[in-house]
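Trainee: Sequence below, structure please.
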Amino acid sequence: MVGGIARASLDVPPFVMAGGHESFRYEGLNAIGLKRRGFSSAQITLIKDAYRILFQSGLLLANALEKVKSEFPSEPEIVEILDFLASGTHGRKFIRSFNQ
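Mentor: Numbers count the residues shown, from 1 in each chain. The predicted structure follows:
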């Protein structure tokens, strides 16, 4: 989900909200949207935990990705996030822009 008056120059990773007036950035998990789409509390928690590692751990992106892969190896939602990040540079740029 992209916030109002925000200009998205990068692809937004799955399941998150992004926005900002001065700089486009991660603003949290779209938990309400996930609940409306039928995601369980356990699924939402897994997604939240994965993004916490990616956005808030302070790890280098490569290390954060490896940690997510090792902690959540076969969860479909996590695979979707990792596939998004592996599919191109926009998702990686989005996360790097947040971690700087």
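
Trainee: Identify each of the strands in this protein and give its residue range.
Mentor: Applying DSSP state E to the chain gives strands spanning 16-19, 25-29.

Trainee: how about low-confidence regions in the protein?
Mentor: 1-10, 19-26, 88-100 (pLDDT under 70).

Trainee: residues touching the residue lying closest to A31 once chain neighbours are set aside, list them.
Mentor: Of all residues not flanking A31 in the chain, I44 sits nearest, at 5.7 Å (CB to CB, 6 or more residues apart in numbering). Backbone N, C-alpha and C define where each C-beta goes, glycine included. Shown in contact with I44 (CB atoms under 8 Å, 6 or more residues apart in numbering): 29, 31, 34-35.

Trainee: Show me just the buried residues among those.
Mentor: For the contacts of I44, a burial check counting by 16 or more other CB atoms under 10 Å picks out 29, 31, 34.

Trainee: Can you tell me which of these is nearest R52?
Mentor: Nearest to R52, judged by CB to CB, of the buried ones among the contacts of I44 is L29 at 9.2 Å.

Trainee: can you pull the buried residues of the lengthiest helix in the chain?
Mentor: Ordering each helix of the chain by length in residues (DSSP state H) puts helix 41-56 first. The neighbour-count check on helix 41-56 (16+ other CB under 10 Å) flags 43-44, 46-47, 50-51, 53-55 as buried.

Trainee: want to throw the residues you listed into JSON lines with distance to S87?
Mentor: Putting the buried residues of helix 41-56 into JSON lines (distance: CB to CB, whole Å) gives the following:
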{"residue": "Q43", "distance to S87": "22"}
{"residue": "I44", "distance to S87": "23"}
{"residue": "L46", "distance to S87": "20"}
{"residue": "I47", "distance to S87": "18"}
{"residue": "A50", "distance to S87": "17"}
{"residue": "Y51", "distance to S87": "17"}
{"residue": "I53", "distance to S87": "19"}
{"residue": "L54", "distance to S87": "15"}
{"residue": "F55", "distance to S87": "19"}
